[in-house]
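*Asks:* With the input below, show me the fold.
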Amino acid sequence: FETLATRAIESVAEFDRQSVANTVWAYATLDVCHEELFATFARSTVDSQVWRDFTPQMASNVLWAYGKVGITVTPLFDAFAEYIAINSEKFDTQNVSNCAWAYANAQLPSHGVFETLTRRAHGRLETFRLDELCGLLWAFAK
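*Replies:* This next block holds a predicted model:
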């Protein structure tokens, strides 16, 4: 994983939005916490403002990945707080649950994230899967 991370870090500017989301998701899913890779991808995502072009699934996967490996990059979470405020109406139940979980796990001020996600979940709780409800409840209890 080290060799792959080194190559990804060296070529981060060539990564499109899907590649960014897939890479951090894959490392997190494999429980590989490569701090330099996550820091580099966060910086690149924020500086290039590519986060503005993410789909809700990409955004929630990226946030979930950072939460899973326990890396909090405040500028990245701030950027996605803006993304959530603008795009929450497009979020499905998994996106809502994953984003709430990631922000709670990061222990950052929500910048209205929880209020926005609550509005999106309101009246739709019966459509959430059990694991999504549990993640959402955990996030709000945290």
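*Asks:* mind showing which ranges of this structure have poor pLDDT?
*Replies:* 111 (pLDDT under 70).
*Asks:* so where do the helices sit in it?
*Replies:* 2-10, 17-29, 35-48, 56-69, 74-87, 93-106, 113-121, 130-141 (DSSP state H).
*Asks:* Tabulate the ones you listed (CSV), appending mean neighbour count.
*Replies:* From N, CA and C alone the C-beta is placed, and that goes for glycine too. Converted to CSV, the helices of the chain look like this (neighbours: other CB atoms under 10 Å):
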stretch, mean neighbour count
helix 2-10, 13
helix 17-29, 19
helix 35-48, 18
helix 56-69, 22
helix 74-87, 18
helix 93-106, 24
helix 113-121, 18
helix 130-141, 15
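*Asks:* so what's the backbone phi/psi at the closest residue to A106 other than its chain neighbours?
*Replies:* Sequence neighbours aside, T72 is the residue nearest to A106 in space, at 4.3 Å (criterion: CB to CB, 6 or more residues apart in numbering). When read as degrees, to the nearest 10, the backbone of T72 gives phi -110, psi 120.
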